[in-house]
Structure formats: structure tokens, C-alpha cells
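# here is my input, please return the structure:
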Amino acid sequence: MKTGIIGAGHIGKALAKKLVNAGYPVILSNSRGVESLQPFIKELGTLALAGTNEDASNADVVILAVRWEQIPDVVSKLKKQLAGKIVIDASNRPQENKSAKPASIVVAELLPDSKIVKAFNCLFARWLEADPAVNGGKRVSFISGDHPSANETVGKMITQLGFKVVDLGSLEQAGPVTDLGTALSGLNLVSYPA
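Purely as a prediction, here's the structure:
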């Protein structure tokens, strides 16, 4: 399953490394262009390609890992390509920019024909990069979404990366506890076998 990652900051790069190490082909894009990504792509090896946002949006699953303020512009240009696809929203809205709606609902409204799954936004990049196996347990990664089959697909992917997936339900249910500055944001939780 080819994964497109739009955004090559700390989170985008951490996810690219994890996915390639798990055997997923990745297309990584950023706002600075393909050439700026070449040194990092070379580090990742043959499963990784640099591309445009359009190239990344043609993958089977697409991860939005851009800054919150860039999302409206980025997704408005890719709305057609992302229709019907699973789009993982890894973004965080700044705390001073809170509205009454959870951030993932805002993204879902911008991409009404996509299957939005909120994931990876509660973990810092250093925890995404680190080994998810911790003293016999697994680091927790929360997901939420309104399309059960999309949640299942993303959950399987995250499990293959070595994390323990906790599905928090719908975007509406999870938003109040996973948005930046809320109860689950930034927690480095580890699940241990019973």
C-alpha cells in the first residue's frame, strides 16, 4: 500500500522513516520542491520517492503532515485527487486558534468526499521515531474517524509500525480529547500486556 505524505517537517519525516522501515513505499512532498527532499530520500532508500503534493495525493493512503495554517490551501488544490481516499490528518491546530469544532472536523469539512482518520497528532516526532516497543509494552497511538473501514485500514498500518492502536471512535467524540492542549495530546502512553 503506497503512502503519500504531504509535509516533510518533523512529523512527516518521522512517519516516512517508520513506514519505509516497515516496508511501505512512500512518496514525500513539501512546499520547497522535490530537489530539497533528495538528501533525505536518499537516506530512506529505494522505497521512498520525492514528489509534488499532487504525486503524494495519488497514493493509496495520504497523510496530511503540514502546518495547520497551510491545510486550507493545500487541500483545496487536491480535493479531486483525495476524493474517496483515506486521508490521515496528523496536523495540530495551535491552541490560540481553537474554534468550537474539533480540528479533524474542520479538515473533514474541507475534504467532504475523503475518509478522514485522525492519527499521529498526539505523539511528538521523537516518540514516532523511537522504537514503539517499550520495556515489554507498546507505545499507544490514538486514531479516530467516521468511516470504520478507513479506521481499520489505518489501525492495521499503525499496528505494523509497532504501535498499540486505541480507536477513540468518531472525529466528534475524539476531537475534544486529542486536539493540541487537551487530555491526550502529547502523552507518551505505553500499553502493557495483561
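# what distance separates the helix-or-strand element of the chain with minimal mean pLDDT from the centre of its chain?
Within the chain, judged by mean pLDDT, DSSP states H and E, the helix or strand with the poorest mean is helix 171-178; its value is a mean of 87. Mean C-alpha position of helix 171-178 versus that of the full chain (C-alpha atoms, centre = their mean, to the nearest Å) differs by 16 Å.
# give me the next element, helix or strand, following that helix.
Next along the chain after helix 171-178, taking DSSP states H and E as the criterion, comes strand 190-191.
# which secondary structure elements does that next one contact?
In this structure, strand 190-191 packs against strand 137-145, strand 164-167, with contacts taken as 3 or more C-beta pairs under 8 Å, 6 or more residues apart in numbering; DSSP states H and E. Any C-beta I mention is one placed from the backbone N, CA and C, and that applies to glycine too.
# which residues of this protein fall in strands?
Counting by DSSP state E, the chain has these strands, from start to end: 3-6, 26-29, 48-50, 61-64, 86-89, 115-119, 133-134, 137-145, 164-167, 190-191.
# what are the pairing partners of the last one, and which direction each?
Sheet neighbours of strand 190-191, with direction, are listed as strand 137-145 (antiparallel) (DSSP bridges).
# angle of the strand it pairs with against helix 171-178?
Counting by axes from the mean of the first three to the mean of the last three C-alpha atoms, to 10 degrees, strand 137-145 lies at 140 degrees to helix 171-178.
# okay, the helices and strands packed on strand 190-191 in TSV with distance to residue 176 and mean pLDDT next?
Formatted as TSV, the entries for those read as follows, by distance: least, C-beta to C-beta, whole Å; pLDDT from 0 to 100:
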stretch	distance to residue 176	mean pLDDT
strand 137-145	11	96
strand 164-167	16	97
